[in-house]
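In: pasting the sequence and the predicted coordinates here, then a few questions.
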Amino acid sequence: MIYEYIGTGKTREAAAKAAVDGLMAKLAAAGVKRPNTAELHEEVIALPKKKFFGLLGSSDAEVKVSYDDGKKEKKPAPRKQAQKPQQRAERAPQRKEEAKAAKPQRKAPAAERPQREDEVVLTEKDIDMNAAISYLKAMIDGLKVENAQVTGEVKDGVLELIVNCNDYGIIIGRRGETLDSLQYLTGLAVKKACGKYIRVAINVGDYREKRNETLKNIARKHADYVLRTGRRYTFEPMNPYERRIIHTTVQEIEGVESMSVGMGQDRKVVLQPEGGVKYRQGGSAGRRGYSSGRPAAKKSAPLPKDFTKFGKIEVEKDSE
């Protein structure tokens with residue numbers, strides 16, 4: 001059963017702490033054993049906002065923390081209905097035949113992102129493209145990036161803003177952190193202007209496509225390592241977008257499963273064999289059950305007690 005709690009605070013850390021404290025109190029009230037921090041799942045709903053270029057008001061951060069105790073949620077018993085024994089007896093063989101005919105299938109592909117209630121199918125008429133471009137351009141100019149050009153288009157219901165400039169590194173930042181922040185702020189501005197949630201994607205020099213392909217190759221490479229060795233592999237901390245790519249790629253590989261551990265910026269993906277790592281039990285002969293195959297040395301018979309190990313040595317002298 002999954003327990004959740006949403007906390008708020010002036011900073012993301014304060015909101016996360018409030019969410020953890022609230023969840024622990026909720027678990028204690030339900031009689032659930034207190035879990036470790038590593039077993040909690042943290043999801044940032046909203047980051048704290050300050051007035052930015054006079055367009056956005058300030059608001060607190062929101063963080064949702066959840067915990068799954070592994071127990072199935074109790075469901076009310078279904079109503080008993082009048083059953084015809086003869087019909088059920090006839091249907092039983094058919095179900096068995098269907099079960100035999102069924103073939104093992106590959107793991108189901110990753111579920112598509114659920115559509116939000118306030119999300120709309122975007123068209124160019126639904127948004128002021130110039131306002132979105134100007135907002136992003138103002139932030140890029142604040143980073144002292146020269147000769148930056150921003151264009152926009154609507155593709156598959158997503159507002160894509162494309163940035164061309166001489167220095168991509170400043171806009172992308174370490175592991176794409178600056179780019180993610182620009183995308184998040186632009187999305188908030190667009191939502192405020194339209195009054196509805198609209199997906200916004202910012203791309204700089206095909207960075208997204210190249211990064212996605214790199215992450216997929218890394219996921220396949222380390223999944224092969226897990227299959228060959230039977231051991232776990234832990235990635236470095238990633239943002240939610242990159243973790244989602246790893247999970248989606250691994251889900252298509254038989255024999256390997258993925259999970260996220262940790263909280264906040266330290267959250268990372270772990271790959272392991274399906275069903276977990278199986279440890280071998282070592283044997284009793286030597287290290288790791290290794291035996292050299294040499295026969296054991298035979299013990300010599302015990303010497304008599306009155307036997308002198310070293311006697312007096314007589315040296316005969318030549319007669320002159």
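Out: Received the coordinates, thanks. Residues are numbered from 1 along each chain as shown.

In: every contact and neighbour count from this point should use C-alpha atoms.
Out: Will do.

In: how about Y225, what does it touch?
Out: Taking C-alpha atoms under 8 Å, 6 or more residues apart in numbering, we find Y225 in contact with R231.

In: can you pull out the helices in the protein?
Out: Secondary structure of the chain (DSSP state H): helices located at 12-29, 85-101, 129-142, 168-172, 177-194, 207-229, 240-250.

In: in the stretch 51-200 of the chain, where is pLDDT below threshold?
Out: By pLDDT under 70, the low-scoring segments of the stretch 51-200 of the chain are 51-58, 70, 72-126.

In: could you rerun that using 90?
Out: The stretch 51-200 of the chain contains residues with pLDDT under 90 at 51-134, 137, 140-162, 164-184, 186-200.

In: can you list the helices of the chain in TSV and add distance to E4?
Out: TSV is the format used below for the helices of the chain (distance: least, C-alpha to C-alpha, whole Å):
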stretch	distance to E4
helix 12-29	6
helix 85-101	37
helix 129-142	35
helix 168-172	33
helix 177-194	24
helix 207-229	30
helix 240-250	19
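
In: ok, which of those helices comes nearest V44?
Out: Checking those against V44 by C-alpha to C-alpha gives helix 12-29 as the closest, at 7.9 Å.

In: so which elements touch the closest one?
Out: If you count contacts as 3 or more C-alpha pairs under 8 Å, 6 or more residues apart in numbering; DSSP states H and E, helix 12-29 packs onto strand 2-9, strand 61-68.

In: what residues sit buried inside the first one?
Out: With burial defined by 16 or more other C-alpha atoms under 10 Å, the residues of strand 2-9 counted as buried are Y3, E4, Y5, I6, G7, T8, G9.

In: may I see the buried residues of stretch 60-71?
Out: Buried residues in stretch 60-71, counted by 16+ other C-alpha under 10 Å: D60, A61, E62, V63, K64, V65, S66, Y67.

In: for stretch 257-265, that is, sorry about that
Out: By neighbour count on 16+ other C-alpha under 10 Å, the buried set for stretch 257-265 is E257, S258, S260, V261, G262, M263, G264.

In: repeat for stretch 216-227
Out: Residues of stretch 216-227 classed as buried: K216, A219, R220, H222, A223, Y225, V226, L227 (neighbour count, 16+ other C-alpha under 10 Å).

In: give the closest residue to the fourth one in space, chain neighbours not counted.
Out: Among residues not flanking H222 along the chain, Y233 sits closest, at 7.0 Å (C-alpha to C-alpha, 6 or more residues apart in numbering).

In: report the beta-bridge partner residues of that neighbour.
Out: Assessed by DSSP bridges, Y233 has beta-bridge partners L271.

In: cool, G152 as well?
Out: Applying DSSP bridges, one finds that G152 bridges with L161.

In: surely it is in contact with I162?
Out: Yes - at 6.0 Å, G152 counts as touching I162 under the criterion of C-alpha atoms under 8 Å.

In: okay, the residue nearest to H222 and D206: tell me how far apart.
Out: 29 Å (C-alpha to C-alpha, to the nearest Å).

In: that older thread, let me know the pLDDT of the residue nearest to H222.
Out: As predicted, Y233 sits at a pLDDT of 92.

In: give me the neighbour count for it.
Out: Using other C-alpha atoms under 10 Å, Y233 has 15 other residues around it.

In: contact partners for it?
Out: By C-alpha under 8 Å, 6+ apart, Y233 lies in contact with H222, V226, V270, L271, Q272.

In: format those as a markdown table; extra columns: pLDDT and distance to G169.
Out: As requested, the contacts of Y233 are exported to a markdown table (pLDDT from 0 to 100; distance: C-alpha to C-alpha, whole Å):
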| residue | pLDDT | distance to G169 |
| --- | --- | --- |
| H222 | 93 | 27 |
| V226 | 92 | 33 |
| V270 | 92 | 29 |
| L271 | 93 | 30 |
| Q272 | 92 | 34 |
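
In: closest to D141 out of those residues?
Out: The nearest member of the contacts of Y233 to D141, counting by C-alpha to C-alpha, is V270 at 38.7 Å.

In: residue contacts, the closest residue to the closest one other than its chain neighbours?
Out: Of all residues not flanking V270 in the chain, T234 sits nearest, at 4.4 Å (C-alpha to C-alpha, 6+ apart). Going by C-alpha under 8 Å, 6+ apart, T234 touches K268, V269, V270, L271.

In: what do you get for H247?
Out: Counted by C-alpha under 8 Å, 6+ apart, H247 has contacts S258, M259.

In: what pLDDT is listed against it?
Out: Turning to H247, the model gives it a pLDDT of 94.

In: quick one, what contacts V32?
Out: If you count contacts by C-alpha under 8 Å, 6+ apart, V32 has them with D69.

In: and it, what's its pLDDT?
Out: Looking at V32, its pLDDT stands at 80.

In: can you get me a residue count around D141?
Out: Using other C-alpha under 10 Å, D141 is surrounded by 12 other residues.

In: then the one 10 residues further on?
Out: Close neighbours of T151, defined as other C-alpha under 10 Å, add up to 15.
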